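Peer 1: Dropping the sequence and predicted coords here.
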Amino acid sequence: MGNGWGEKHQLFIKWRYLEAKPVAEFNGFSVDRRPGEQWIKLEKKFGEKEEIKVEVTMFDRSAPAVQSHDAKGGQGVEEVMMHITLIVSIFKEGLDDVVEFVCSAWPDALDIDKVYVRARSVVPYKLYMGPLFKELDEKLQDSLFDFLEARGIDDSLCSFLHKSAKEKERTEYIPRLGIVKSFIEAKSHDSEALVAGHS
């Protein structure tokens, strides 16, 4: 295989990466991109006694979006919205319990799926997580959304995380493309040496 395998594609990917350098901070959160893992971690202090940690998946599923139509008014290609899962942990100084939220981050909106309390020191194997969020009293739902929004867990964070997930996919892809290239070329050189030895 020639030495030029994939070089143009790699240069294009690197250019796209340089055009969108990862952000290390957003709205008071430090952003740890955890290279080589399928997670992003955010942390920040809120007030004097509260610490917030957010663990974020890469894109883990999708849902149908509003279907687009072509210029002639016919049925177009079905569009999808990508989904990211957030686990938001709220720690308060002097308290042994942690309040955690399991949230869905859509491109421009935040949904809360679960809210529960656990011990700070131990995470049970099968934690009781209570009812679904949508089954709670509506006033309680509103107050919990306000609670998260005051701490920067809101729709703007969702938009940032979707951009970050795309950037992380690019940055993770570049070194792996090089590894694949080296692996394939090494196999090719071994095969050529073997053929030359039998000629």
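Peer 2: Sure, I can see it.
Peer 1: contacts, neighbours, all on C-alpha from now
Peer 2: OK.
Peer 1: Tell me the predicted confidence for Glu19.
Peer 2: For Glu19, the model assigns a pLDDT of 48.
Peer 1: Just give me how far whichever strand in the chain runs longest sits from the chain centre.
Peer 2: The longest strand of the chain (DSSP state E) is strand 80-92. Centre-to-centre, strand 80-92 and its host chain are 9 Å apart (CA atoms, centre = their mean, to the nearest Å).
Peer 1: Neighbouring strands - and their directions - for that strand?
Peer 2: Strands that pair with strand 80-92, judged by DSSP bridges, come out as strand 50-57 (antiparallel), strand 61-64 (antiparallel), strand 97-106 (antiparallel).
Peer 1: just the ones you listed: most buried one?
Peer 2: Among those, strand 97-106 has the highest mean neighbour count (mean count of other CA atoms under 10 Å), at a mean of 20.
Peer 1: rewinding a little: and the strands paired with strand 80-92, which one averages the lowest pLDDT?
Peer 2: Per-stretch mean pLDDT for those is lowest at strand 61-64 (a mean of 83).
Peer 1: how much space between the spatially most central residue of the chain and Glu37?
Peer 2: Centroid-nearest residue in the chain: Met58, 3.1 Å away (criterion: CA atoms, centre = their mean). Applying CA to CA, to the nearest Å, the value for Met58 to Glu37 is 9 Å.
Peer 1: what does Ala105 give?
Peer 2: Distance, Ala105 to Glu37, by CA to CA: 19 Å.
Peer 1: for Thr57, same thing?
Peer 2: Thr57 is 9 Å from Glu37, where distance means CA to CA.
Peer 1: now Ile184
Peer 2: For Ile184, the distance to Glu37 - CA to CA - is 24 Å.
Peer 1: Look at the two and report which has more neighbours.
Peer 2: A side-by-side neighbour count of Ile184 and Glu37, using other CA atoms under 10 Å, places Ile184 first with 14 against 11.
Peer 1: sec struct for the more buried one, please.
Peer 2: Under DSSP: H, G, I helix; E, B strand; the rest coil, Ile184 falls in the helix class.
Peer 1: Thought Phe91 was touching Val99, still the case?
Peer 2: Yes: at 7.0 Å, Val99 and Phe91 qualify as touching, with contact defined as CA atoms under 8 Å.
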